[in-house]
Structures are given as structure tokens and as C-alpha cells.
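Engineer: give the three-dimensional model of this entry:
(chains A and B)
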Amino acid sequence: MSALKMPAPDAAVMARRAEIVAALRAIVPGEGVIATENEMRPYESDGLTAYRQLPLVVVLPETTAQVSQILRYCSQNGIKVVPRGAGTSLSGGALPLGDGVLLGLGKFNRVLEVDFDNRVAVVQPGVTNLAITRAVEHEGFYYAPDPSSQIACTIGGNVAENSGGVHCLKYGLTTNNVLGVEMVLINGDVIRLGGKHLDSGGYDLLGLVTGSEGLLGVVTEVTVRILKKPETARAVLVGFPSSEAAGDCVARIIGAGIIPGGMEMMDRPAILAAEEFVHAGYPLDVEALLIVELDGPAAEVDHLLERVASIAKECQATTLRVSTSEEERLLFWAGRKAAFPAVGRISPDYYCMDGTIPRARLPHVLARMREMSEKYGLRVANVFHAGDGNLHPLILYDANKPGELERAEAFGSDILRLCVEVGGVLTGEHGVGVEKRDLMPAMFSPVDLAHQQRVKCAFDSEGLLNPGKVFPQLHRCAELGRMHISGGRLPFPDIPRF
Amino acid sequence: MTDILKPRDAADVEEAVRWALGAGKTLALHGHGSKAALGRPAQSDLTLDLSALAGVTLYEPEELVLSARAGTPIADIAALLASRGQELAFEPLDHAALLGGEAGRGTLAGTVAVNAAGPRRIKAGAARDHVLGVNAVSGRGETFKTGGRVVKNVTGYDLCKVLSGSWGTLAVMTEITVKVLPRAETEDTLLVRGEDEAAAAGTMAKAMGSSCEVSGAAHVPAALAGRIDPALAGRAVTALRLEGVAPSVAHRRELLETLLRDRGPLERLGEGRSRALWTALRDVAPLAGGDRVVWRLSTAPMHGHRMAAAIAAETDAERFYDWAGGLLWLALPPGDDAGAALVRRHLAAFGGHATLVRAPAAVRAAVDVFEPQPEPVAALTRRLKDGFDPQRVLEPGRMYAGV
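Structural biologist: Have a look, this model is predicted:
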């Protein structure tokens, strides 16, 4: 991929590699320290595979005490640290640094406690998202946020990225479902934020840590809220002659006071790719397809499905199918869930974007995207979390054709700038990482970014944790701490004063 | 009498903070003053009156989003939302019953600054879970924004979370964007009568662990039961609220009745009385009036009654529970330390946090009002304050001394 400016490797640290490896071995004995090139190779990238970098060394601790000792050692020796869960980040959040220790949490893979009376599970950060549900489903419970990588991604990574999923509108993101963490600060201090109770007695540091992309500390234990599974879920598949009609339908459903468990939209290229791959029975003569899923008691689901169907008919729906069995419901979803690999079959490569927009701007954004598609000479397929406005355009390109990759990236950047322009944001759930780092100024002023970085300074004033991510330019904390007061002599004439 | 500065807009707010920085003055933030008696007593030189920054700037019901200036009355927002069948789902409480003052007061920024959360916290979250974006002026006299107007957003740090519940100590919020939700078409409440507190905790856990989607679970012991509804006086009340479309509420009511049939005959309140009951619980009506000090404790739902029993073994403790037992409202006899040592000793054994909500100013100045923090967390708190308000211009000492 195009050149990405990462912090210059510190030659002095690289020169001390043998000593650093030995020090880490003293903390984590046996096979917990990986230092050969071959064995480090699997760690050279995450889900954003276009960027690769071997770390200085990989360390896989097993206890909080070890994590604490590692961070204290790195902090005392000025060594950078990149935390990593399962490495499924799509934004390069776990991209290693050549002069940095890669701290893998894969061995923190135990469910520590399931407490049904208090409706919480306490797990280690390396437990996968789906494994939490597996640990509680025998009693009919589940963990609500469901990113599409949930088989592989870990709860620690979910906390770092504030992961979403298709049920966010009704059940919230990670930040609304995490009650507590144990985490290690860069100086080795172990702290607890939250617990089995709700809200914070002081500043909501837990809310800050969630979504901080591994720049504030290393989470070593997570307490999540678990919910009873809805009694039933049914989906309706609706085809529309235009994305405007589909968008109008979404707005009317929500305007009617209905919050579906999931509401997904696909455009024509995505429908065709998915149908060819999965044979979900999607109509092929429509411009937009909506999957609306309602969950809850059967009486409620049936009642609301009728309302949704009548709204859809008012919105020029040309096809409408309600799932009549659990198999059929899952089949409706199978196409949507396989949309990315399906698009992967019709194009050598694709680049997945992740902006969020106010829902009403969808037709405008799709029209502008078609213009861009022509300008760049690249096709685009769209899947859209219609309930919450999170748009995933998939730009189709061929990395083997000179210049296509660069064009795809430029196209992607234009799409994200467009999202911001219409009142949306750069990333809805994949994170900023390295991928969208340099686009941050499209959304935030230098003053906005400086205030975010002051949070970083409060936790990690030397900038040792996951540097090069999130912020286009990491200012020195001393510089950010300076006050520039002007107006000390202001007589304050204009403001009413009593 | 402290001087009052009354900015007309966000630019004035920035100017005011810059002036205060230059002049070495400190500012207390004030909307309607409905929460002035909360927290550590104000120690500021001047009051920054934000009530002129009022008005809804954006409301798109079909996008479930509303933006309003900081000083917009929460009552105005509620009325506007109600006109379109929507609401602030976190049920911000009205402090008038508990603290005195006029009912129906309070502003959007004040509600967010204290991270308000009513009985629906267990299902819908607190204010923190509904704030999507904020424009603010930090204690550096700099205007910044965070978040946006969409629900799904992980672009940059979520400063909305830390501003929610920061009591004005980090920044002056000037405009706030919140997620709004459809108001339930109807509701009903089932009552179990005469349970002791431990049994009630079990009942609430059973209801919350069912697929009945209970959106309020509270227990009021016999001594206070009459204060939520005079007709309920004399016997303890365990209340379970169901909200939604009529066929769903009816279905779940039957489900819940079956589930709890071993608890004796259940009473149905019906929509009107149900609404009144949850408003009374939200506004802490059972502890209104009198000279007792009032504590608010958040703990694990099954720990609430144990903690209360431990405290009640040592002093006369009036109390009731919300959040399925996890929120304990506790009224203790007045005294020099408001029972702080006792409360905090028992809280430490069960986990959670305690806030002294009602006590004379002298007491709130003398004891920890907010949960004391272990040193590494206290250090993070101080450093965050250093980042946003290094000169301690905004509400110094409102939460913690020196912050």
C-alpha cells in the first residue's frame, strides 16, 4: 500500500535487542517470548494486511503480574509497546513497530466467572467475543455486541476498538455493554475501573479507555453485561426500485417508533455478489434490499412485522418476504454476512470503508459515490447498517494492476471526506488505527485533537503505548501542557454581568 | 453575593473562561441551579450562568437525534420530544423533591454533567450512553468538539463519556447532541407485596434474568411504601415495569405472572399508576423532606441488600432500592460525618461507589462526597484535570479537593 509514515525506529533501542529479549525472558519464561523472524512472521500484520512490519520481539504473558512487569520495564527503558488481541483489526490498530515490543494477550483466554444473578461475565481479554455467548447460552443468555469477526476477535480488542455489530441500534456498542476492566498502565500500575456495578463514582475513565485503540493501557480483565436471549427473532426481506425508496422506508420505520434488532441494506452490486455466492433467494431485479429483523416476545414481533410490512408497501417495495422459520431467517442473513467474501469472488481485491452518515443523506452519498466510481474507474458495492447509518462501501480493485491500489485508497479517502461533509464520521466501528489516522484533520481541528491527546498524556506521557496510531501527529505532552493565555486584561465589556 | 457572568453564546463562554484565566478567577457553572446543592460546596469566585445559551438547534425524529444549547431546559426538551412520541430514555431525575426547590427545573448540560440516570438505567443506560457529541470550552479557554451526531462512531477518543459526570470540572459544555428514542406506547407494573429485602433481590434477579424485558425493578420496604403511592402504604413493594406495544406488554405480563406465581398474588398497577410510581421512584420521593442525610450507592444488584443490612445493623437506615437492587438510596440520621466512615467501610466490602447526595454544606465540605479513589486512579484524575483545566478555573474542588 502507499507509503505510511510511522514513527522513526529508535536505533538505540534496536541495538539493545538482545538485552531486551533477555529481560523479557526473565519476566516470561519458556516459549512466551518469540524472537526469531520465522516465528514472529504471523504477527507482522493484522486484518489490514496491506501493511506489514516485523516487531522487535513478541511477548505473550500469562498473568497480570507479568504484564505489569513488562510495561514497567519498557517504560523505564523507553521501549515502545504495541498490544494485540486476535489481530483482526481492519484499521491496522495492532500493526507492529520495528523498535517496539508486541504484547500479545492470546494466553489470557479464560472465562473467570459467570454470575447469572448479577447478569455479568468476568473474562480475560483474549476470550473471543463469541466464546462469551458460548459460556452463558446454556442458561439462555448472550453477550449483545456482535462484530462480524466475532468468531475470532477478542473481547480485549473489542474494548480497545469499541466494536459494534449489526444490533447496535437496539443493544448498543461495546461501551454500553462493558461494566468494568482491570488494566495495567504503562508504568506498571494495575488499576480497576468499574466492576459489577453501574457507572463511575468519579470521572468515567472506563468510557475513555473503551475505544482508545490500545494507546492508554493494557486491559487484563473485562466484566461485561449479559442479556437474556430474546424469545424469538424474525426477519423480513424487502426489495426496492431505488435506494431512495429503501432509505425512506428505514426513516419511516424508525419514525413509527420501531427500533428493529437489526436493519441492513445492500445495493445492487452487493446483492448480486451475495446471491451468486450464497443463494439466499435475494431478488435480483431490485436496486436496494433491506433486511429488517425484529426480536422479542412473539406477540411483539408479529405485531411489529405487520407494521413494517405495511410501511414497506407504502414505500414502493416490489418484493417482501417474511421469514417463516429459523432456517429461513438465517438464510436471509447468510447473504448479508457473506457480503465481503462474496465481493471478494468478483474482484481480485477489495478495500472496505467504514464511515457513518446521518441516514437521510444516504441517497445523496450513494449518488456522489457513483460519480466518484466513474472518476476513479473503480466499481463499488455497498452494504449499510441502515439502522445506525454505518456505511461499508467495498471498493473493487486489482492490486496487480499498476496504480489501482493507489486509486482505491484515494477513492476511499474521498468517500470518508464525503461522510464527514454530510455530518457523519470517518469510522463507525473499525477504528482509526493507521488507516484513517491522516484523515483525522478532515473531522477534527488541531484544538479538538489536542484535547484528545491530553487524555493520552494523562495515561502515557512518554507516548510509548501504540504510537503511530489514531493521531496524525503525536505532540509532546510538555508542549500540549503549555498554557497560551491571551485576554488577561480584557475588561470583559460585552458579556452581561450582574 | 458572588458575581454572575451571563454569556449570550459559545463565543462569550470562551471569552469568559479566557478572562477568568487571565484574572486568576475561578468559575462555578450554573444552569437553573437545580443541582447547586450537590457535590462539594462551590468554592468559586464567580458564577457562569449558562441559562441564556438555550434552544434546540437540531431535532430530526426519524434520525433519533437532537442537539440543543447547554442551558436548554430539560422540560422543554421533554415536551418537544413527547410531541413526536419520543423521550430521553435514561429518565433524568428531578432533584426538587430530594433537595428542595422548584420542580421541573434543570438544563441539558446539568443533566449530562451529573450523568443522570433513572430507573431505566438497567435497560437503556445513563446519560453517558446517550450523548453523541459535545461542543465545549475547556479550562484552557479553548473551544473544542468531540463526537458527532451519529450513533455509531469510534473516530478519536470518546470525550463525551468523560464529560458526562465530570460536574463541569473539565470543560464548559456549550452544545450537546443526544440520541433520543421512541417512548413506549404503553406500560404496566406488576407488584409483589410483603417481601423482605433479600427475597426482593431474588425476585428482581429472576425477573431480570427472564426474557420479559423488565425496564424497571425496584423494592421499597414497608416503612416507605406509602410514599411512592399512598394506596401501597404498610406493606413492602417489589415493583417490576414492562414497557412496549400493548400486545407485547400483555404477553410479558402473563409470562412474568407465571414466573413469579410462587411469590403470592401479584398486583397489576395499570398504566396511569405505573407512570406515577416510576416518576416517584426516579425522583427519590420516598426520601423527600426531613433532616436525614441521603446517600446514593451503586453496587452489584445482589449486593445491595447485604450492604444495607450491614449498615442498618449499626445505625438507623431508611432505604429503598432501584436498578434491580444495585442502586441503594440510603437516608441516615444527621451527624458530623453523615455516616461516611460507616458507609464507605461497608461499601469497600461489596464493591461499587457511594455519593453523598443530601447533607448540609458544612458536612459536604468536610467528608468525601464522591467515592475516594486509589492513588493510581486519583493520579489519572488529577492529570486529566491538568490536561483540560491546568489552572483549576472550572468548578475547582466540586468533586475532589485539588481537582
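Engineer: show me what contacts residue 92?
Structural biologist: Here I'm looking at chain A. Listed by CB atoms under 8 Å, 6 or more residues apart in numbering or on different chains, the contact partners of A:G92 are A:S45, A:D46, A:L48, A:Y51, A:G433, A:V434, A:E435, A:K469. All C-beta atoms are positioned from the backbone trio N, CA, C, and that covers glycine.
Engineer: right idea, wrong chain: chain B
Structural biologist: So B:P92 contacts B:I74, B:G106, B:T111, B:A116, B:A117, B:G118, B:A127 (CB under 8 Å, 6+ apart).
Engineer: I'd like those residues as CSV, with secondary structure, neighbour count and distance to chain A appended.
Structural biologist: As requested, these are exported to CSV (DSSP: H, G, I helix; E, B strand; the rest coil; neighbours: other CB atoms under 10 Å in any protein chain shown; distance: CB to the nearest CB, whole Å):
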residue, secondary structure, neighbour count, distance to chain A
B:I74, helix, 24, 19
B:G106, coil, 25, 19
B:T111, helix, 27, 14
B:A116, coil, 26, 10
B:A117, coil, 28, 7
B:G118, coil, 24, 12
B:A127, helix, 26, 10
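Engineer: what is the nearest of those residues to A:T36?
Structural biologist: B:A127 (51.4 Å; CB to CB).
Engineer: related to what we said a few turns ago, now the buried members of the contacts of A:G92.
Structural biologist: Among the contacts of A:G92, those classed as buried by 16 or more other CB atoms under 10 Å in any protein chain shown are A:S45, A:D46, A:L48, A:Y51, A:G433, A:V434, A:E435, A:K469.
Engineer: point me to the residue of the stretch 301-450 of chain A nearest chain B.
Structural biologist: Residue nearest to chain B within the stretch 301-450 of chain A (CB to the nearest CB): A:G428, separated by 3.9 Å.
Engineer: tell me how many other residues crowd that residue.
Structural biologist: Here the number of neighbours of A:G428 (other CB atoms under 10 Å in any protein chain shown) works out to 28.
Engineer: so it, which of the three states?
Structural biologist: Secondary structure assignment for A:G428 (DSSP: H, G, I helix; E, B strand; the rest coil): coil.
Engineer: B:R227 now?
Structural biologist: On the basis of three-state DSSP, B:R227 is classed as coil.
Engineer: give me every residue in the stretch 51-200 of chain A lying close to chain B.
Structural biologist: Residues of the stretch 51-200 of chain A found near chain B, taking CB under 8 Å from any CB of the partner chain as the criterion, are A:115-120, A:139-141, A:161-162, A:164, A:168-169, A:172-173, A:175-176, A:185, A:189-191, A:193, A:195-200.
Engineer: mind listing which of these are in strands?
Structural biologist: A:D115, A:V120, A:F141, A:V190, A:I191, A:L193 (DSSP state E).
Engineer: bridging residues for the fifth one?
Structural biologist: Spelled out, it's A:I191. On the basis of DSSP bridges, A:I191 is bridged to A:M183.
Engineer: ok, now how distant is B:V134 from B:G106?
Structural biologist: Going from B:V134 to B:G106 by CB to CB, to the nearest Å gives 18 Å.
Engineer: where do the helices of the stretch 1-150 of chain B begin and end?
Structural biologist: Remark: helices assigned in the stretch 1-150 of chain B by DSSP state H, counting those that start in this stretch are B:10-23, B:74-83, B:96-99, B:108-113, B:121-124.
Engineer: what are the buried residues along the longest one?
Structural biologist: Of the residues in helix B:10-23, those scored as buried under the neighbour-count criterion (16+ other CB under 10 Å) are B:10, B:12-23.
Engineer: give me the mean pLDDT for that helix.
Structural biologist: The pLDDT scores in helix B:10-23 average 96.
Engineer: now the fourth one
Structural biologist: Helix B:108-113 shows a mean pLDDT of 98.
Engineer: tell me which strands and helices that helix is in contact with?
Structural biologist: helix B:74-83, strand B:171-179 (3 or more CB pairs under 8 Å, 6 or more residues apart in numbering or on different chains; DSSP states H and E).
Engineer: now do that helix: distance to the chain's middle.
Structural biologist: 10 Å (CA atoms, centre = their mean, to the nearest Å).
Engineer: distance of A:I415 from B:D368?
Structural biologist: 50 Å.
Engineer: those two: which is more packed in?
Structural biologist: A:I415 (22 against 19).
Engineer: so does the helix or strand containing that one get close to chain B?
Structural biologist: Assigned by DSSP states H and E, A:I415 belongs to helix A:404-421. No. Helix A:404-421 is not in contact with chain B by CB under 8 Å from any CB; minimum separation 8.7 Å.
Engineer: what's that helix packed up against?
Structural biologist: Looks like helix A:404-421 contacts strand A:349-352, helix A:362-376, strand A:390-397, helix A:440-443 (3+ CB pairs under 8 Å, 6+ apart).
Engineer: who touches it?
Structural biologist: A:1-2, A:50, A:349, A:351, A:353, A:355-357, A:365, A:368-369, A:372-373, A:376-378, A:380, A:391, A:393, A:395, A:397-399, A:425-427, A:436, A:439, A:442-443.
Engineer: tell me the buried residues in that helix?
Structural biologist: Under 16+ other CB under 10 Å, the buried positions of helix A:404-421 are A:404-405, A:407-416, A:418-420.
Engineer: thinking again about what came up before, so can I have CSV of the helices of the stretch 1-150 of chain B showing distance to B:V249?
Structural biologist: As requested, the helices of the stretch 1-150 of chain B are exported to CSV (distance: least, CB to CB, whole Å):
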stretch, distance to B:V249
helix B:10-23, 43
helix B:74-83, 19
helix B:96-99, 28
helix B:108-113, 28
helix B:121-124, 14
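Engineer: low-confidence stretches in chain A?
Structural biologist: A:1-3, A:485-498 (pLDDT under 70).
Engineer: keep the buried residues of helix B:10-23, but drop any that are not near chain A.
Structural biologist: B:D12, B:E15, B:A16, B:R18, B:W19, B:L21, B:G22, B:A23.
Engineer: relative to chain A, which of the residues you listed is nearest.
Structural biologist: Proximity of these to chain A, judged by CB to the nearest CB, is greatest for B:G22, which lies at 2.4 Å.
Engineer: not counting its neighbours along the chain, what's nearest A:L173?
Structural biologist: Once flanking residues are discounted, A:L173 sits nearest to A:G164: 5.0 Å by CB to CB, 6 or more residues apart in numbering or on different chains.
Engineer: host element of the residue of the stretch 151-300 of chain B found nearest chain A?
Structural biologist: Relative to chain A, the nearest point of the stretch 151-300 of chain B is B:K161 (2.6 Å; CB to the nearest CB). Using DSSP H and E, B:K161 falls within helix B:159-163.
Engineer: pull out the buried positions in stretch A:325-342.
Structural biologist: For stretch A:325-342, the neighbour count (16+ other CB under 10 Å) marks A:E328, A:R329, A:L331, A:F332, A:W333, A:G335, A:R336, A:K337, A:A338, A:A339, A:F340, A:A342 as buried.
Engineer: and the gap between the fourth one and A:P145?
Structural biologist: Spelled out, that is A:F332. A:F332 is 21 Å from A:P145, by CB to CB.
Engineer: before we move on, what about the first one?
Structural biologist: The spacing between A:E328 and A:P145, counted by CB to CB, is 25 Å.
Engineer: circling back: what subset of the contacts of helix A:404-421 is buried?
Structural biologist: By 16+ other CB under 10 Å, the contacts of helix A:404-421 give A:1, A:349, A:351, A:353, A:355-357, A:365, A:368-369, A:372-373, A:376, A:378, A:380, A:391, A:393, A:395, A:397, A:425-427, A:436, A:439, A:442-443 as buried.
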